[in-house]
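Visitor: Give me coordinates for this.
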Amino acid sequence: MKINFYKPNHPILKKYIEGYYFMAKDDNDEPLKYCTFPDNYFIISACQNITFSRENNTIEIDCSEEENLIIDFVSRCNSPVEVHYKKSINEVTVYFKPLGIYHFFEANEAQFLQDEIISSDFEEFMKNILNETDQKIQIEKLENYWLSKFQEKDLEKIEKIIEDLDSDLNIEKIAKKHQISRQYLNKISTKYLGKPASEFRKIQRFRNSVNQNKNVKNLTELSYENLFYDQSHFIKDFKDLTKIQPRKFFEKVNTEQKNIWLFI
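Guide: Down below sits the predicted model:
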């Protein structure tokens, strides 16, 4: 199965979409199995002619004899997920940056996004995309689709909160800075980000540490660079989110790839 990841080409899309990957059938029909790890993206996938099952943190995908299109939407991922493709398939997956998805759909809360995606023209459009064999044309059509849906929204308040969640301010100080209670801060975070503020921060620091791993000398430096209290705090959070010790994770996972997957 061919797997390619792309960054958006258009400046507007670059601001709100992290990227998208395409899976395509090829002569190599070998099974594919990997673990994916927590992130703060909103993710929409469209898979062509498959059977799909999810049990706890395991997803199994196989070819279907019946023609169909399965749309999967993920707004919250806080633990590793094992994904098993029994055969090669055609799939397109889009990763929206935090808050990015709201500029392409009418919904103003995470809990309403899935219903809107299902009721929109997204499924019909993806049927067209997945029937196209030229990947350059697929990308062009996909970008034109998102540009046609784009609507600028004023999300300045939550954007500033996200900036603070990526700083060294604790949650109490962030709430005080924005003149709201800690409880209301979590309510706002859950409304827009699909998770409480502390969970968003924990995942964001984990992802930042993965991205910066190649640029630091050791785990201690990596811990302090990403605003953990100390190395013990870093290791604890890392294990909570990956179920693996950091050293083993960095030995097994190629963090220079666009998708941070542990192949099994």
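Visitor: Show the average pLDDT along stretch 137-145.
Guide: Across stretch 137-145, the average pLDDT comes to 97.
Visitor: For that stretch, list the C-alpha coordinates in PDB.
Guide: As requested, C-alpha coordinates have been extracted for stretch 137-145 and formatted as PDB (Å, rounded to 0.1, in the frame of the first residue of the first chain):
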ATOM      1  CA  ILE A 137      -5.400  15.800  -9.300                       C
ATOM      2  CA  GLN A 138      -6.600  14.500  -6.000                       C
ATOM      3  CA  ILE A 139      -4.600  17.100  -4.100                       C
ATOM      4  CA  GLU A 140      -5.800  19.900  -6.300                       C
ATOM      5  CA  LYS A 141      -9.500  18.900  -5.900                       C
ATOM      6  CA  LEU A 142      -9.100  18.400  -2.200                       C
ATOM      7  CA  GLU A 143      -7.600  21.900  -1.800                       C
ATOM      8  CA  ASN A 144     -10.200  23.500  -4.000                       C
ATOM      9  CA  TYR A 145     -12.900  21.800  -1.900                       C
END
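Visitor: how about it: buried residues?
Guide: Within stretch 137-145, the residues that count as buried by 16 or more other C-beta atoms under 10 Å are Gln138, Ile139, Leu142, Glu143, Tyr145. Yep, even glycine has a C-beta here, placed from its N, CA and C like the rest.
Visitor: Likewise for stretch 67-78?
Guide: Residues Ile70, Ile71, Asp72, Phe73, Val74, Ser75, Cys77, Asn78 are the ones in stretch 67-78 that count as buried (16+ other C-beta under 10 Å).
Visitor: Narrow those residues to those in helices?
Guide: Under the assignment DSSP state H, those contribute nothing to helices.
Visitor: which among the residues you listed gets closest to Asn186?
Guide: Asn78 (14.6 Å; C-beta to C-beta).
Visitor: list the contacts for the closest one?
Guide: By C-beta atoms under 8 Å, 6 or more residues apart in numbering, the contact set of Asn78 is Pro38, Lys195, Glu199, Ile203, Leu241.
Visitor: Nearest to Phe52 among these?
Guide: The nearest member of the contacts of Asn78 to Phe52, counting by C-beta to C-beta, is Pro38 at 20.9 Å.
Visitor: Settle this for me: that closest one is touching Val74, isn't it.
Guide: No - assessed by C-beta atoms under 8 Å, Pro38 is found out of contact with Val74, at 10.7 Å.
Visitor: What pLDDT is listed against Ile264?
Guide: Looking at Ile264, its pLDDT is 87.
Visitor: residues near it, how many?
Guide: By other C-beta atoms under 10 Å, the residues close to Ile264 number 11.
Visitor: Now do it against Ser45, distance only.
Guide: Ile264 sits 20 Å away from Ser45, going by C-beta to C-beta, to the nearest Å.
Visitor: Then Ile158?
Guide: Distance, Ile158 to Ser45, by C-beta to C-beta: 25 Å.
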